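[1] generate coordinates for the sequence data below:
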Amino acid sequence: MFTKSMFTKCMSIKNRFIKNRPVESGSTNKGNGGNGAPVKTPAHHLAPNDLRQCLRITFGGVLGYLVSQLMGWNYGVFYTVFPMFLLGMIPILNGSVVRQFLSNACLNVIEVSLVVGLMQHMPIVMTAVVFAIFTFRFSLMAKGSLFLFGANGVLTLSIMFHFASYPDLDMFDLLTNNTLASFLAVAIAFVMHAVFPDVAPRTPPQPTIKSKALIRHQTLIGSVTATVSFVVFQSLDLRDSLSAQMATILILFALGYTGARISARKRAIGTLLGCNFALLMQLLLSTQSQHLALVVVAYTLGLLLFAREHVIEGAGSGVGFGGMTTMGILFGQYLKPNDDLVLDALYRFSSMSVALLSTLVVMAVVHHMLNWFPAVSSDG
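    Residues are numbered from 1 along each chain as shown. Model prediction:
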């Protein structure tokens with residue numbers, strides 16, 4: 001009954017988004033006299049490029065998880081989420097993408113070392129510096145040309161600031177694993193693009209023309225909200241609320257209150273489905289979660305389902321991406337050989353719901369306050 005209801009839910013979501021889906025640029029009607037006329041992909045099929053992206057996301061995420069488990073590395077969330085982020089958010093791989101991803105990883109080491117190492121005893125100063133860092137990242141995202149650098153920086157820094165707030169943390173281990181996971185994610189992306197290459201050239205997205213006031217508005221609403229999230233997770237003992245913190249950051253990628261509301265709803269649905277699927281797999285595995293091969297099979301099946309939904313949506317951080325990252329956090333960070341993730345999965349959704357609602361309230365307040373001033377108005 002659960003599997004049927006989940007499948008029905010995914011299909012209803014799919015049908016809503018498939019209506020406005022663009023025609024695959026490389027698809028041609030070979031059966032109509034070979035005239036090369038473009039044809040639409042049927043609703044129940046993935047276009048050739050989409051299928052390959054789906055496979056890249058799935059097996060890239062599995063490979064990152066498998067390497068971290070076999071090597072016994074800490075912070076499994078880095079090794080599971082980073083390949084998903086790189087392969088899911090960006091359907092292509094080129095020099096610019098690699099430079100943005102790796103340069104951000106190297107800069108993160110410096111930022112976290114300086115902020116936490118030198119300013120942790122001065123919370124007000126540390127908060128001001130973090131706000132400046134987030135403002136810089138969201139400014140790049142709002143302008144568009146270095147969106148990956150900004151988005152990956154905001155997400156990664158939020159996670160590392162959260163971990164680094166606990167006194168028993170080994171800072172060197174945290175920074176090492178973050179850097180190693182970033183380089184591993186790039187290596188995995190190259191392998192996946194070589195094994196599952198696109199069959200047709202992708203049409204590059206058209207740049208969006210924005211006014212300076214709108215850029216300032218998107219920069220400030222993102223940086224202020226991310227800083228509030230930083231303060232909350234620094235002040236409260238929320239060690240097991242990583243999924244909730246990621247949710248508060250991922251919906252900011254919409255760069256605005258209206259888009260964040262839509263993203264939050266999709267994120268909530270994706271997290272719920274991801275938690276339910278993880279619970280179902282835990283019940284099927286029962287006490288056999290110490291067998292890595294069985295866990296990998298379950299993990300692969302879940303990623304395949306959510307990666308397919310993510311590609312069909314074509315909406316960035318939506319239902320599919322929310323389900324993928326939820327599974328990546330649960331399997332990579334919390335599923336241990338002598339433990340289970342039932343309580344973790346139940347806690348993930350409840351904490352994430354509270355975090356999303358709180359984030360939207362903060363964004364609504366900031367959005368309306370910024371609109372009082374023409375220089376930072378979203379209508380400017």
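[2] can you tell me how far I269 sits from A260?
    15 Å (Cβ to Cβ, to the nearest Å). Just so you know, the C-beta spots here come from the backbone N, C-alpha and C atoms, and that holds for glycine as well.
[3] who has more neighbours out of the two?
    Neighbour count, other Cβ atoms under 10 Å: between I269 and A260, A260 has more, with 26 against 19.
[4] what helices or strands is whichever helix or strand the more buried one is part of leaning on?
    Using DSSP states H and E, A260 maps to helix 257-285. Other helices and strands packing on helix 257-285, by 3 or more Cβ pairs under 8 Å, 6 or more residues apart in numbering; DSSP states H and E, are helix 2-18, helix 242-250, helix 292-313, helix 319-329, helix 342-370.
[5] low-confidence ranges, the stretch 201-350 of the chain, go.
    237-240, 286-289, 315-316, 333-348 (pLDDT under 70).
[6] could you rerun that using 90?
    201-211, 229-299, 302, 309-350 (pLDDT under 90).
[7] swap in the stretch 1-150 of the chain?
    In the stretch 1-150 of the chain, residues with pLDDT under 90: 1-50, 68-78, 80-81, 85, 88-96, 113-123, 143-148, 150.
[8] do a quick rundown of the strands in it.
    With strands called from DSSP state E, counting those that start in this stretch, the stretch 1-150 of the chain shows none.
[9] helices along that one, start to end?
    2-18, 48-71, 76-89, 95-119, 123-143, 147-164 (DSSP state H, counting those that start in this stretch).
[10] can I get the CA coordinates of the last one in PDB?
    The C-alpha trace of helix 147-164 is given here as PDB (Å, rounded to 0.1, in the frame of the first residue of the first chain):
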ATOM      1  CA  PHE A 147      26.100  30.600  -9.400                       C
ATOM      2  CA  LEU A 148      27.700  27.300  -8.700                       C
ATOM      3  CA  PHE A 149      30.600  28.900  -6.800                       C
ATOM      4  CA  GLY A 150      28.100  30.900  -4.600                       C
ATOM      5  CA  ALA A 151      25.600  28.100  -4.100                       C
ATOM      6  CA  ASN A 152      28.100  25.400  -3.200                       C
ATOM      7  CA  GLY A 153      29.900  27.900  -0.900                       C
ATOM      8  CA  VAL A 154      26.700  28.800   1.000                       C
ATOM      9  CA  LEU A 155      25.700  25.100   1.400                       C
ATOM     10  CA  THR A 156      29.100  23.800   2.400                       C
ATOM     11  CA  LEU A 157      30.000  26.600   4.800                       C
ATOM     12  CA  SER A 158      26.600  26.300   6.600                       C
ATOM     13  CA  ILE A 159      27.300  22.500   7.100                       C
ATOM     14  CA  MET A 160      30.900  23.100   8.300                       C
ATOM     15  CA  PHE A 161      30.000  26.000  10.600                       C
ATOM     16  CA  HIS A 162      27.300  23.800  12.100                       C
ATOM     17  CA  PHE A 163      29.700  20.900  12.800                       C
ATOM     18  CA  ALA A 164      32.500  23.300  14.000                       C
END
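[11] tell me what that helix is packed against?
    helix 76-89, helix 95-119, helix 123-143, helix 171-195, helix 212-235, helix 242-250.
[12] out of these, which comes closest to V295?
    Closest to V295 of the helices and strands packed on helix 147-164 is helix 76-89 (Cβ to Cβ; 11.9 Å).
[13] turn the helices and strands packed on helix 147-164 into TSV, columns for distance to L70.
    Below are the helices and strands packed on helix 147-164 laid out as TSV (distance: least, Cβ to Cβ, whole Å):
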stretch	distance to L70
helix 76-89	11
helix 95-119	22
helix 123-143	33
helix 171-195	12
helix 212-235	31
helix 242-250	22
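[14] what's the most buried one of the helices of the stretch 1-150 of the chain?
    helix 76-89 (a mean of 26; mean count of other Cβ atoms under 10 Å).
[15] what packs against that one?
    When contacts are defined as 3+ Cβ pairs under 8 Å, 6+ apart, helix 76-89 packs onto helix 48-71, helix 147-164, helix 171-195, helix 292-313, helix 319-329.
[16] that older thread, any chance of a markdown table for the helices of the stretch 1-150 of the chain, columns distance to V231?
    Converted to a markdown table, the helices of the stretch 1-150 of the chain look like this (distance: least, Cβ to Cβ, whole Å):
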| stretch | distance to V231 |
| --- | --- |
| helix 2-18 | 34 |
| helix 48-71 | 30 |
| helix 76-89 | 22 |
| helix 95-119 | 13 |
| helix 123-143 | 6 |
| helix 147-164 | 10 |
